[in-house]
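S.K.: model the structure of this input:
(2 chains)
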Amino acid sequence: MRSVPRTDVTLEEVAPELAAAHARFMAVAYPGAVDLVTRELLRILSGRLSHCSVCRNLRLQAAIDRGFDESMVDHLEDPTNSGLPERQQVVLRLANAFLTAPGRFPAEDWAVLERHYTAEQIAELLLDLVRFRPGSKLLVASGREPEIDELAYM
Amino acid sequence: MQDSKPTGTLATVQASVADRGPSPVPGDQWESDGAEDVSFERIVRHRPRYAAVLADIEAALWRQDAVSPLLLELCRLRIAQLLGCGVALAHRTPQAVAAGLDESLVSSLSQWPTDARFSGQARVCLGYAEQLLMDAQGVSDEEADRVIDAVGQGGFLVLAYACGLFETTQRARLIVGATRW
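M.R.: From the prediction side, this is the model:
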């Protein structure tokens, strides 16, 4: 983890239109069609698999208020025996496949996903997965991760 | 397609996508022109405002001036090679074509480390793109300095974001079994 910036400039300064669009991407993501606890699990798993300390450590208070529990995080990579409901397990399998072997998300899991989620919700989950990593890569590569590797609440 | 034989983590990235089974085409709630036609855009347009901003980001990326569309396109295609994303490999970004994208260079893309036709700037950027795909934490200070020397601080930042976006938009096509970009 590197917390010494490698540049004197920011994306906002060198590519303002791109940075503004990225900010809108985050703003338009919430509120959404999928429950916030499930999306929080997806976001944290993406942060873990992207080795991004900010995404990995950030906790949304709104998700905690809606039932997110820290013990859920223990099972993100292998949710099979997690006790999480099937609807959350399949989202975690989607995220794991997306970020490790995207061609290997089986048709059976698509069927489970479609049983629990509407077309709008699946679109949202896919867009979440597209959204997380570009910002993570930028943060990590530019050396702008926080010095302290601990949970942060927002 | 002939490709170089990477080792280590890069080989793992390729192996993880190389043995894909049949495309896991989503089921019947998706509109389609036909049974074989699967498009990421068709799927995400069910969340229209969110999808529209993704389109804004892609448009802004190809309009910024810190990194040329030719360098961006080479990085996008190299990531597609490593992820095995056929629809991304078949696609050409109009801005790159308009800027004079050399298809013979694209054909040699997997040989970029040794092919003398790739400029020093292109090699630095392609190496950075590969490292970002493997693990952004692995970008060393020396590599960051080389990239900044090649494309400036702005280019270094834009490439980091762009490569992340190329990666996830291609992973999205792979997971839905997209038949076209």
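
S.K.: ok, A:Thr10 touching B:Ala160?
M.R.: No. A:Thr10 lies out of contact with B:Ala160 (CB atoms under 8 Å); the separation is 11.9 Å. Yep, even glycine has a C-beta here, placed from its N, CA and C like the rest.

S.K.: neighbour-wise, which of these two wins?
M.R.: Higher neighbour count among A:Thr10 and B:Ala160: B:Ala160, with 29 against 17, using other CB atoms under 10 Å in any protein chain shown.

S.K.: scan the chain for its longest helix.
M.R.: Just going to use chain A. Using DSSP state H to assign secondary structure, the helix with the most residues in chain A is helix A:119-141.

S.K.: oops, wrong one, chain B.
M.R.: Criterion DSSP H: the longest helix present in chain B is helix B:141-176.

S.K.: count residues in the vicinity of A:Thr7, would you?
M.R.: By other CB under 10 Å, the residues close to A:Thr7 number 20.

S.K.: gap between it and B:Ile148?
M.R.: To B:Ile148, A:Thr7 is 7 Å away according to CB to CB, to the nearest Å.

S.K.: B:Ala116 now?
M.R.: Going from B:Ala116 to B:Ile148 by CB to CB gives 24 Å.

S.K.: neighbour-wise, which of these two wins?
M.R.: It is B:Ile148, of B:Ala116 and B:Ile148, that has more neighbours when counted by other CB under 10 Å, with 17 against 6.

S.K.: shared neighbours, A:Thr7 and B:Ile148?
M.R.: Residues touching both A:Thr7 and B:Ile148 by CB atoms under 8 Å, 6 or more residues apart in numbering or on different chains: B:Phe156.

S.K.: still on that earlier bit, now the helix or strand that the longest helix of chain A is followed by: average pLDDT?
M.R.: Downstream of helix A:119-141, the next assigned helix or strand under DSSP states H and E is strand A:152-153. Summarised as a single mean, pLDDT over strand A:152-153 is 82.

S.K.: same question, stretch A:20-33
M.R.: Per-region confidence: stretch A:20-33 scores 96 on mean pLDDT.

S.K.: quick one on the thing from earlier: what helices and strands are in contact with the longest helix of chain A?
M.R.: Secondary-structure packing of helix A:119-141 (3 or more CB pairs under 8 Å, 6 or more residues apart in numbering or on different chains; DSSP states H and E): helix A:16-29, helix A:36-49, helix A:53-57, helix A:86-100, helix B:40-44, helix B:48-63, helix B:141-176.

S.K.: how about A:Leu45, nearest residue that isn't a chain neighbour?
M.R.: Nearest non-adjacent residue to A:Leu45, counting by CB to CB, 6 or more residues apart in numbering or on different chains: A:Leu76, 4.3 Å away.

S.K.: wait, isn't that neighbour in contact with A:Gln89?
M.R.: No. Applying CB under 8 Å as the test, A:Leu76 and A:Gln89 come out as separate, 10.3 Å apart.

S.K.: centre-most residue in the chain?
M.R.: This is for chain A. For chain A, the residue sitting closest to the mean C-alpha position, by CA atoms, centre = their mean, is A:Arg43 at 2.0 Å.

S.K.: right idea, wrong chain: chain B
M.R.: Central residue of chain B (CA atoms, centre = their mean): B:Arg76, 2.8 Å from the mean position.

S.K.: any idea how far that residue lies from chain A?
M.R.: 13 Å (CB to the nearest CB, to the nearest Å).

S.K.: would you agree that residue falls within a strand?
M.R.: No. B:Arg76 is assigned helix when assessed by DSSP: H, G, I helix; E, B strand; the rest coil, not a strand.
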